[in-house]
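Chemist: Sequence plus the predicted model coming up.
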Number of protein chains: 2
Amino acid sequence: MESVELVDVLKALADPIRLRMIQQLVDGDPHSKSSQFWGFEIQKSTLAHHFKTLREAGVTRTIVEGRNHWIQLRRAELDAKFPGLIDALTGHTTA
Amino acid sequence: MESVELVDVLKALADPIRLRMIQQLVDGDPHSKSSQFWGFEIQKSTLAHHFKTLREAGVTRTIVEGRNHWIQLRRAELDAKFPGLIDALTGHTTA
DNA sequence: AGCATAGTTCGATGGACGTCGAACTATATC
DNA sequence: GATATAGTTCGACGTCCATCGAACTATGCT
């Protein structure tokens, strides 16, 4: 996590799909990777690609439970390293 | 400015050069576009490309004074539309 | 007018990226 | 073991983008 750079986080989030993903993940809870949950009209291989991009950028972690995978925002680490960033990117825009 | 989308701002700032640019512009004052000011080791055509990218994303404005051009962060508009974003991207990284 | 300077625009190039289908891995169920 | 299901990986394809050099525009200066 120490090696996570801001510019790489921004690259990861500068995509409409992935930006909406973290906005849905902002509550900090693990969410299913099942495509039904997200409502994107993309193939599951593309979905997996976006999950990987977020994880490799240090934005999310993956939890595996048997056949089911969960994705979770690394809220605490991100807030510690980039204070205010997640808040600014997720819904507090018009508040 | 109403049509400025968050994802497009992120695309504009998800580049090492342009991220450093807005970090130098964060004081809100106009800064010379002269390459000496920035200290990047890139050609002036590339510099102009980055200026254009920031401007078209709604992040900066350009002020022309005779032969000299100035670039300025659109601080107030960005703060109004994306509260906390500029703060989060400029300098609070290691604090 | 002639020349220098500040900055942009254009065309080309190489690399990165989003998307997809197909193949693959791994777990669950019968 | 056989089959189904969840999700990833791989290869290909097309598009976008950062970079550069050269040409261009426009202002200032002599």
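Modeler: Thanks, I have the structure now. None of the values given here were measured: they were computed from a predicted structure.

Chemist: okay, CA-based contacts and neighbour counts for the rest of this
Modeler: OK.

Chemist: Excluding covalently adjacent residues, which one is nearest to the residue minimising distance to the centre of chain A?
Modeler: Nearest to the geometric centre of chain A sits residue A:22, at 4.0 Å (CA atoms, centre = their mean). Residue nearest to residue A:22 in three dimensions, not counting chain neighbours: residue A:73, with 7.0 Å by CA to CA, 6 or more residues apart in numbering or on different chains.

Chemist: Does that neighbour touch residue A:29 like I think?
Modeler: Yes: using CA atoms under 8 Å, residue A:73 makes contact with residue A:29 at a distance of 7.5 Å.

Chemist: Comparing these two, which shows the higher neighbour count?
Modeler: In this comparison of residue A:73 against residue A:29, neighbours counted by other CA atoms under 10 Å in any protein chain shown, the higher total goes to residue A:73 at 26 against 14.

Chemist: So what does the more buried one have for phi and psi?
Modeler: phi -70, psi 140 (degrees, to the nearest 10).

Chemist: Could you do residue A:60 as well?
Modeler: The phi and psi torsions at residue A:60 (degrees, to the nearest 10) take the values phi -130, psi 170.

Chemist: cool, residue A:70 as well?
Modeler: Recorded main-chain torsions at residue A:70 are phi -120, psi 150, according to degrees, to the nearest 10.

Chemist: which ones are touching it?
Modeler: Residue A:70 makes contact with A:30-33, A:62-64 under the criterion CA atoms under 8 Å, 6 or more residues apart in numbering or on different chains.

Chemist: from these, which are also near DNA strand D?
Modeler: Intersecting the contacts of residue A:70 with the surroundings of DNA strand D, defined as CA under 7 Å from any atom of the strand, gives A:32-33.
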